[in-house]
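Participant: Sequence first, then the predicted structure:
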Amino acid sequence: MIELIDLTKCYGATTAVDGLSVSIQSGMVTGFLGPNGAGKSTTMRMIVGLDKPTAGRVLIDGKALIDDPAPMTTIGALLDAGTVPKACSGRNYLLGLAATHGFGATRVDQLLELTGLTAVAHRPFKTYSLGMGQRLGIAAALIGDPEIVLLDEPVNGLDPEGVLWVRSLVKQLAAEGRTVFLSSHLMSEMAQTADHLIILGRGHLLADTPMDEFLRASSEVASRVRSPQAALLAQALAAPTVRVSFEGPDEIIVHGVQPGAVGQVAAQYGWVIDGLAPVISSLEDAYMQLTDSSVEYRSGATAPQPLYARPSTSNTTSDKETH
Amino acid sequence: MTTALSIPHVAAPADRREHNRTFTRMIASELIKAKALPSTLWCAVLTVLLGMAITAGILGLIQHDSLGSHPLPRGIAVGLTLESAFVPIIAGCLLASVEYASNAIRTTLATTQRRVAWLGAKAVASVIIQVITQLIAVIMCAIVAVTVCAARGVSLAVEPHQIGWIALCVLGAVMLHLMGLALGMLTRSAAASITISVGIMWVLLTIVDMASYMLPWMVHVLPAVPYNALSALVGANGQSEAHTWWTTQLGGGTVCLIWLVVFSAGAAVLLKRRDA
């Protein structure tokens, strides 16, 4: 278990993480979300002791990581996939790391096989693709068979097979009782992987909640209905607190009414219902709603203006005609 | 790319104590890393080749009657240490800065946690590599010296009791290498550490030497300049006109050690305090 106690990190006048207090439990995948600049990477670096907290502390299973005689068996981290000297082969890189805790070539070869890198193990890192680098980083994180696994954007650059593999891997790690702390900007991926969410915004804790609860709390009461009598059903459900939007000729979304109530009205009139389901917000919707006021680096709403005005087709035609 | 899903386990939790991080294991790790880096090999090869070239050049060009004035192995030790001094110091800079250039320092420090101990382990590993390299260089230079002199019809005086000069040559190179390593850790940049190394070793010497013509008291500063201290250590006096204790081998060695301790302490303090 990782405990962050009033963790604060300041860079000059900027406070990257402000009084963060959370516990990251073992036996589940905890997703770590937040907009760019929210303090996620800083928090992860403080957990593994790379950055010194300005205030507060990090406890790993009740003690500071620096006092751990075998940190590699306690925590394994993938913080940046490119942290390998370019001329160094993947195998030598892992051998170097493994040697710090007395792990040998056998362990390294096992991990190369696990990550599918055996065929390229002797190639210099500069020839690796982004996805291969990610796999090597995951292998490095798992050398010590650690109880805690920290992965910062682990699916970056992975092919679909790799994404699926990482998803299954983190789930298996959690199922084995390990603490898995996962940061990603891919909401769909996080929705399928994480059991619990910690969301940061501008260095502050915005949410520390189970995934289901987070989605439920962010969802309004709404029902998606597919029926040949969709228009009639919309009229029958009309009320001041109810809003109906048409998704198609036979499909409506009824805001403010539970699916059960919709079903009762349809049954009352003897109308056919082809589909009826509650509308639950996607993780992306819920996240956007929560972090809307915490986005530090927001992109422009409109397309960027071209630096140089290009002549329009009509002008070109006209020019051609003139000359 | 085929991946497996079953995560190989190391051992039962109780057996994990067998996998504690130790200083010896950190040295082994640094040796593996250094061996895996081509720059280590290039610097070693360059040290040997440069030493051979310098030996061949000097013995091939100097006047016939001067040959033998510095018997083996002293002449080699002096020539090798002073003329190729930039190689071990640059090798040290590269060994440290490659950690930062590739950001490998993050993985290393996250894995080992004990930063100063890790730096010590890296220094020990560097010393091992440097000692081996210098010994090979001395042997190769000796072979070249004997060959060149034989070709010129001169038999070099070999005085076995002066074998200690080889140790001094190796010691000088090791100190330079560790200075480079410390500067690399201080600056976290290959370019900056190499520039500072060159500045401290050669530019500082020129500046102090020139200044001593205008300010006579600067003569007393000359022995404190690293290059002069190194010259004194390997017994190549003559850079400084002031003959004091500082220009003796022991004095030169002490000055080199002071520089080394200052740089190393700075590197250790900054490594411990700075965010990685």
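Facilitator: Received the coordinates, thanks. Numbering: from 1, shown residues only, chains lettered A, B, ... in the order given.
Participant: going forward, measure contacts and count neighbours with C-alpha atoms only.
Facilitator: Fine.
Participant: any low-confidence regions in chain A?
Facilitator: Within chain A, the ranges that satisfy pLDDT under 70 run A:219, A:281, A:292-323.
Participant: And the helices in it, which stretches?
Facilitator: Listed in chain order, the helices found in chain A under DSSP state H are A:40-47, A:71-74, A:90-99, A:105-114, A:130-142, A:160-175, A:187-193, A:211-218, A:230-237, A:259-269, A:283-291, A:313-322.
Participant: Nearest to residue B:147, out of these?
Facilitator: Within those, the stretch nearest residue B:147 is helix A:90-99; the backing value is 39.7 Å (Cα to Cα).
Participant: Now tell me what touches the closest one from outside.
Facilitator: Helix A:90-99 is touched from outside by A:84, A:103-105, A:108-109, A:112, A:120-125, A:136, A:139-140, A:143-144, B:25-26, B:28-30, B:32-33, B:36, B:108, B:111, with contacts defined as Cα atoms under 8 Å, 6 or more residues apart in numbering or on different chains.
Participant: Select only the buried ones of these in PyMOL?
Facilitator: Selection of buried members from those for PyMOL, criterion 16 or more other Cα atoms under 10 Å in any protein chain shown:
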select buried, (chain A and resi 84+103+104+108+109+112+120+121+123+124+125+136+139+140+143+144) or (chain B and resi 25+26+28+29+30+32+33+36+108+111)
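Participant: And the residue of the stretch 151-276 of chain B closest to chain A?
Facilitator: Closest to chain A within the stretch 151-276 of chain B is residue B:275: 4.5 Å, counting by Cα to the nearest Cα.
Participant: Help me confirm that that residue comes into contact with residue A:48.
Facilitator: No - using Cα atoms under 8 Å, residue B:275 is not in contact with residue A:48; the gap is 11.4 Å.
Participant: Tell me which of those two has more neighbours.
Facilitator: A count of neighbours by other Cα atoms under 10 Å in any protein chain shown puts residue A:48 above the other of residue B:275 and residue A:48, at 26 against 14.
Participant: Please name the residues that touch that one.
Facilitator: If a contact means Cα under 8 Å, 6+ apart, then residue A:48 has A:65, A:75, A:77, B:110 as its contacts.
Participant: Go again with 6 Å.
Facilitator: Taking Cα atoms under 6 Å, 6 or more residues apart in numbering or on different chains, we find residue A:48 in contact with residue B:110.
Participant: and what of residue B:100?
Facilitator: Under the criterion of Cα under 6 Å, 6+ apart, the neighbours of residue B:100 are residue B:188.
Participant: doesn't it fall inside a helix?
Facilitator: Yes - Residue B:100 sits within a helix when classified using DSSP: H, G, I helix; E, B strand; the rest coil.
Participant: what about residue 169, how many neighbours?
Facilitator: Unless you meant another one, I'm taking chain A. 17.
Participant: actually chain B
Facilitator: 27.
Participant: Quick one, grab the pLDDT at residue B:35.
Facilitator: According to the model's per-residue confidence, residue B:35 sits at a pLDDT of 89.
Participant: Name the nearest residue to it, sequence neighbours excluded.
Facilitator: Using Cα to Cα, 6 or more residues apart in numbering or on different chains and skipping residues adjacent in sequence, the residue nearest residue B:35 is residue B:41, 7.5 Å away.
Participant: helices and strands around the helix or strand that that neighbour is a member of, which ones?
Facilitator: When secondary structure is defined using DSSP states H and E, the element that contains residue B:41 is helix B:38-61. Here helix B:38-61 is seen to pack against helix B:115-151 when contacts are counted using 3 or more Cα pairs under 6 Å, 6 or more residues apart in numbering or on different chains; DSSP states H and E.
Participant: For the residue sitting nearest the centre point of chain A, grab phi and psi.
Facilitator: Ranked by distance to the mean C-alpha position of chain A (Cα atoms, centre = their mean), the top residue is residue A:184 at 2.9 Å. Here the main-chain torsion angles of residue A:184 (degrees, to the nearest 10) amount to phi -160, psi 150.
Participant: so it sits right up against residue A:151, yeah?
Facilitator: No - with contact defined as Cα atoms under 6 Å, residue A:184 and residue A:151 do not form a contacting pair (8.6 Å).
Participant: Kindly state the pLDDT recorded for the residue lying closest to residue B:124 once chain neighbours are set aside?
Facilitator: In this structure, residue B:124 finds its nearest non-sequential neighbour in residue B:27, 6.7 Å apart by Cα to Cα, 6+ apart. Residue B:27 is assigned 96 on the pLDDT scale.
Participant: Okay, and residue B:27 sits in which element?
Facilitator: Secondary structure here is read from DSSP H and E; on that basis residue B:27 sits in helix B:23-36.
Participant: thinking again about what came up before, for the helix holding residue B:41, C-alpha coordinates in PDB please.
Facilitator: The C-alpha coordinates for helix B:38-61 follow below in PDB (Å, rounded to 0.1, in the frame of the first residue of the first chain):
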ATOM      1  CA  PRO B  38      30.700   1.700 -26.400                       C
ATOM      2  CA  SER B  39      32.100   5.000 -25.100                       C
ATOM      3  CA  THR B  40      33.900   3.000 -22.400                       C
ATOM      4  CA  LEU B  41      35.600   0.800 -25.000                       C
ATOM      5  CA  TRP B  42      36.400   3.800 -27.200                       C
ATOM      6  CA  CYS B  43      38.100   5.700 -24.400                       C
ATOM      7  CA  ALA B  44      40.100   2.600 -23.400                       C
ATOM      8  CA  VAL B  45      41.200   2.000 -26.900                       C
ATOM      9  CA  LEU B  46      42.000   5.700 -27.300                       C
ATOM     10  CA  THR B  47      44.100   5.700 -24.100                       C
ATOM     11  CA  VAL B  48      46.200   2.800 -25.300                       C
ATOM     12  CA  LEU B  49      46.600   4.000 -28.900                       C
ATOM     13  CA  LEU B  50      47.300   7.500 -27.900                       C
ATOM     14  CA  GLY B  51      49.900   6.400 -25.400                       C
ATOM     15  CA  MET B  52      51.500   4.200 -28.100                       C
ATOM     16  CA  ALA B  53      51.500   7.000 -30.600                       C
ATOM     17  CA  ILE B  54      53.000   9.500 -28.200                       C
ATOM     18  CA  THR B  55      55.700   7.000 -27.100                       C
ATOM     19  CA  ALA B  56      56.600   6.200 -30.700                       C
ATOM     20  CA  GLY B  57      56.500   9.900 -31.700                       C
ATOM     21  CA  ILE B  58      58.700  11.100 -28.800                       C
ATOM     22  CA  LEU B  59      61.200   8.300 -29.000                       C
ATOM     23  CA  GLY B  60      61.300   8.400 -32.800                       C
ATOM     24  CA  LEU B  61      61.900  12.200 -32.900                       C
END
